[in-house]
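Undergrad: Got a predicted structure plus its sequence, pasted below:
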Amino acid sequence: MPSFETDRYAAHVRVLASDEFEGRRPATRGEEKTVAYLEQEFRKAGLEPGAAGSFHQPVPFVELTTQPEGALRITGAAGDTQLAYADDAVYWTKRVVPQTALTDSDLVFVGYGIVEPAMNWDDYAGLDMRGKTAVILVNDPGFATGDPKLFNGRAMTYHGRWTYKFEEAARQGAAGAIIVHEEAPAGYPWEVVRNGAARPQLALEESGGAQRVEIEGWITRDAAARVFRAAGLEYSTAKAAAARRGFRPIPLPLKVSTRVANDIRHIRSSNVVGLLPGSRRPDEYVIFTAHWDHFGKAEEGSGDRIFNGAVDNATGTAALIELAQAFAGVRPAPERSLLFVGFTAEESGLLGSEYFAEHPVVPLAQIAGGLNMDGMAVNGRTRDVTVVGYGASELEDFLAAAAADQGRILKPEPTPERGSYYRSDHFMLARKGVPMLYARAGIDSNEHGAEWGLRQNTDYTSHRYHRPSDEFDPDWDLSGAIEDLQLYFDVGLKLAMERGFPNWRPGNEFRAIRDQSRAGGAASH
């Protein structure tokens, strides 16, 4: 059995989260240092290059640095409403164009902005959105009502994610899409949205942003209330109506105008891929993933401007290195091959994993399953294991058995309304059918209990998540991370040694594509 050493693991986290690595933003000196470090550690572990003879899978991006106008201008019969950039609103374009604008675009409140025939739900019913701008609520109706018969109740579905909102608005032909930010349904404060918008935006070069609306953005709840008042409506009343079945979109007697310009730069980044060939079935795979990137450095401001991303996700990247080393030492070697992938640009919208899923280095149908690591335990051991997207796949049976050996139990995530299953890299593989676990640090602290654990999570989200204050802390208790490394190793080894291919649970949204891909894979194998 492997020995996971706290000091060695901590040393990896310390290096990856150091100021020297400059916040690990793609296509910077920070990336150069990070991918070189990952390749070095993969080579030391004994892995082979996993991407066409290289440890690097090149990922071509377009970087868009947006210069917005100072405000969204809302005009109507009652006069003008100015929504100041940063304080009231943020907006950008993902289209690869030097400049674009909304000019007197009609505003339409489309509720949660969801079209889902299986739920008999269509927030765009009867609308022609060409030239118009959608105003959209974050999350989905089940969160607002708590009704388990609406989507998935309090647990967010993909329809609740901001990414879906922009995608659906584009499918409807909208010119613009503006999401109303509220901290509880979004799962993070306005500062996270504002900080993200202030940085250059990345898009995959092959898409060119052609399928996006002209301008995307967010406004605060207070700003939304002002806009609705200017339309002669109460925001809270309209929001409540949007959560009821049968809601129909509400044209607002308002128009919005703004303009943005782009500095365009074509860049390349890399997913880092290491391979440990299987001893008996090398053309079948188990995959471990973690994103190596973070936000880099703020261009302006005083004080600490480096987003070190220690928990998110130097801890997960260090775990990837430790697991690679552990599996490389297994004798005899695991029967299936193992892939260890450090993804780029997770923080820019899961772009590295999206590229990997569209350009896989091995057939996706031949991946038996995998586990993604995005934030490891830094507050000690727990009696439980948090499973994000609990109940999704048969991989949880492997996890439950390994956890029981540690005297632990599986529990659903405590905040399913945040839609975390759709917010990290495993999702891009899951939607291609690959069963993926997203397990995280438990909540029920061995030493302090569950309420204390929840407070630690809340404190991190409120004060360090996506902020320069997410830094390595030598006082962390990493015993929980070490225990989870052993857990993940046990799951991976079991999966690498057996012949079966786990599946999604019946009724899961990804099961049909897995069945289809496995049928095709088995036929061609």
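TA: Structure received.

Undergrad: Thr461: what's its closest spatial neighbour, skipping adjacent residues?
TA: What sits nearest to Thr461 in space, not counting adjacent residues and going by CB to CB, 6 or more residues apart in numbering, is Tyr188, at 6.4 Å. (Glycine included, C-beta is placed from N, CA and C.)

Undergrad: What separation is there between that neighbour and Asp80?
TA: Plainly put, Tyr188 is 31 Å away from Asp80 if you go by CB to CB, to the nearest Å.

Undergrad: coming back round to it: what's the burial count for the residue nearest to Thr461?
TA: 15 (other CB atoms under 10 Å).

Undergrad: From here on, call the first residue 8.
TA: I'll keep to 8 as the first residue from here, and by that count the last item is Tyr195.

Undergrad: Please confirm that it is located within a helix.
TA: No - per DSSP: H, G, I helix; E, B strand; the rest coil, Tyr195 lies outside any helix segment and is coil.

Undergrad: Might you report the residue contacts of it?
TA: 425, 468, 472-473 (CB atoms under 8 Å, 6 or more residues apart in numbering).

Undergrad: again, but for Arg206
TA: Per CB under 8 Å, 6+ apart, neighbours of Arg206: 302-303.

Undergrad: how about a cut-off of 10 Å?
TA: 32, 70, 72-73, 99, 302-306, 314, 354-355 (CB atoms under 10 Å, 6 or more residues apart in numbering).

Undergrad: Equivalent analysis for Gln64, please.
TA: 56-58, 276-280, 348, 350-351, 359, 362-363, 366-368.

Undergrad: Filter those down to the ones in strands?
TA: In strands, defined here by DSSP state E, the members of the contacts of Gln64 are 56, 276-280, 348, 350.

Undergrad: Which one of these is nearest to Ala247?
TA: Phe350 (39.4 Å; CB to CB).

Undergrad: where's that closest one relative to Val279, distance?
TA: On the measure of CB to CB, Phe350 and Val279 end up 8 Å apart.

Undergrad: same thing with Glu306?
TA: 26 Å.

Undergrad: which one of those two has more residues nearby?
TA: When neighbours are counted by other CB under 10 Å, Glu306 and Val279 differ, and Val279 comes out ahead with 29 against 10.

Undergrad: In the stretch 208-357 of the chain, what residue spans correspond to helices?
TA: 228-237, 242-249, 322-335 (DSSP state H, counting those that start in this stretch).

Undergrad: closest to Ala384 out of these?
TA: Nearest of these (CB to CB): helix 322-335, 8.2 Å.

Undergrad: my guess is Tyr428 meets Met435, correct?
TA: No - between Tyr428 and Met435 there is no contact under CB atoms under 10 Å: 11.7 Å.

Undergrad: Would you check the contacts of Tyr195 and say which has the weakest pLDDT?
TA: Checking pLDDT across the contacts of Tyr195, the minimum falls on Arg425 at 84.

Undergrad: quick one, phi/psi of that one?
TA: phi -80, psi -10 (degrees, to the nearest 10).

Undergrad: In space, what's closest to it - neighbours in sequence excluded?
TA: Gly194 (3.3 Å).

Undergrad: How many residues are close by that neighbour?
TA: 20.

Undergrad: What of the one 10 residues further on?
TA: Ala204 has 19 neighbours, counted by other CB under 10 Å.

Undergrad: re the thing from before, which one of the contacts of Tyr195 sits closest to Ser524?
TA: Arg425 (28.7 Å).

Undergrad: measure the residue nearest to Thr468 to Glu424 for me?
TA: Counting by CB to CB - Tyr195 and Glu424 are separated by 12 Å.

Undergrad: And Ala232, by the same measure?
TA: Taking CB to CB, one finds Ala232 at 22 Å from Glu424.

Undergrad: neighbour-wise, which of the two wins?
TA: Remark: of Ala232 and Glu424, Glu424 carries more neighbours, 23 against 17, as counted by other CB under 10 Å.

Undergrad: got the contact list for that one?
TA: Neighbours of Glu424 in contact, by CB under 10 Å, 6+ apart: 146-147, 149-151, 153, 159-163, 167, 191-194.

Undergrad: What is the nearest of those residues to Arg525?
TA: Once CB to CB is applied, the member of the contacts of Glu424 that ends up nearest Arg525 is Asn159, at 25.6 Å.

Undergrad: Centre of the chain to stretch 416-424, how far?
TA: 17 Å (CA atoms, centre = their mean, to the nearest Å).

Undergrad: Show me which positions of that stretch end up buried.
TA: Under the neighbour-count criterion of 16 or more other CB atoms under 10 Å, stretch 416-424 has 417-418, 420, 422-424 buried.

Undergrad: Then stretch 332-340?
TA: Those would be 332-335, 337, 340, for stretch 332-340 by 16+ other CB under 10 Å.

Undergrad: Dump the C-alpha coordinates for the helix or strand containing Tyr171 into PDB.
TA: Using DSSP states H and E, Tyr171 sits in helix 169-178. C-alpha atoms of helix 169-178 as PDB (Å, rounded to 0.1, in the frame of the first residue of the first chain):
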ATOM      1  CA  TRP A 169     -25.100  30.900 -15.500                       C
ATOM      2  CA  THR A 170     -23.400  29.100 -18.300                       C
ATOM      3  CA  TYR A 171     -26.700  27.500 -19.400                       C
ATOM      4  CA  LYS A 172     -28.500  30.900 -19.100                       C
ATOM      5  CA  PHE A 173     -26.100  32.500 -21.700                       C
ATOM      6  CA  GLU A 174     -26.300  29.400 -23.900                       C
ATOM      7  CA  GLU A 175     -30.100  29.300 -24.000                       C
ATOM      8  CA  ALA A 176     -30.300  33.100 -24.600                       C
ATOM      9  CA  ALA A 177     -28.000  32.600 -27.600                       C
ATOM     10  CA  ARG A 178     -30.100  29.700 -28.900                       C
END
